[in-house]
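**Q** Have a look at this prediction, sequence included:
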Amino acid sequence: MDAQKRKIAYEQLFEKYSFFFQLEKLSSIEIREQAKRLQDIYVEDLGSSFPNECVHFKSHMKNLEVDEKPKNIQQMLVFIKNNDFSEMYPYVVIALRMFLCTPCSNCSTERSFSALKRVKSYLRSNIKDEKLNALAILNIENDITKKLNYNNVINIFAAKQARKKMLD
């Protein structure tokens, strides 16, 4: 199941940026449409001139000699940086960097151990295993814990503590 989810996530990511891999094959209209879709997803990061920048970047790539043409996203970004085209294509640079910075691995196990390490180092070794495990799970599953209604949790906790004090 997880493998299927990852496959779908990678396909969706590739779909968003796929026009960069086909700049010379796509028409200017197709590039503009796909760039607009990407810009609509990342409104805060990519300005309204992004689709036009992509079309101009396509023209620029088309005029290069075969041996000078970048063959992948990383080479495109290096090409732009090396030739001082960053000011000419600022949003193209941002989009390429966003794609390159997207994590390529899904190591949930490593993230779990990393979360446990953060919790353990914060609390040092003054905590019992049961409580440490519970805190680690809360940290790892933070997307669920963010949705919790803390007022209910606090009220339940307060009620249990009040009973404990009365019994002592």
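**A** Great, that's in hand.
**Q** which parts of the particular helix or strand that has residue 80 in it are buried?
**A** Assigned by DSSP states H and E, residue 80 belongs to helix 73-82. The neighbour-count check on helix 73-82 (16 or more other C-beta atoms under 10 Å) flags 73, 76-77, 79-80 as buried. Where C-beta positions appear, they are placed from N, C-alpha and C, glycine not excepted.
**Q** between those residues, which is closest to residue 52?
**A** Residue 52 lies nearest to residue 80 out of those, by C-beta to C-beta, at 15.9 Å.
**Q** Return the distance of that closest one relative to residue 91.
**A** 11 Å (C-beta to C-beta, to the nearest Å).
**Q** what residues go with each domain of this structure?
**A** Here the domain parsing of the chain from the TED database is 1-104, 109-162.
**Q** Where in the protein is the helix or strand with the lowest mean pLDDT?
**A** The least trusted helix or strand in the chain, going by mean pLDDT, DSSP states H and E, turns out to be helix 108-123, with a mean of 55.
**Q** helices or strands up against the one helix or strand residue 11 maps to?
**A** In the assignment (DSSP H and E), residue 11 maps to helix 2-17. Applying 3 or more C-beta pairs under 8 Å, 6 or more residues apart in numbering; DSSP states H and E, we find helix 2-17 packed against helix 28-41, helix 90-101.
**Q** how far is the last one from where the chain is centred?
**A** Yep, that's helix 90-101 we're talking about. 12 Å (C-alpha atoms, centre = their mean, to the nearest Å).
**Q** quick one: contacts for the residue nearest to the spatial centre of the chain?
**A** What sits nearest the mean C-alpha location of the chain, by C-alpha atoms, centre = their mean, is residue 102, with 4.9 Å. Counting by C-beta atoms under 8 Å, 6 or more residues apart in numbering, residue 102 makes contact with residue 13.
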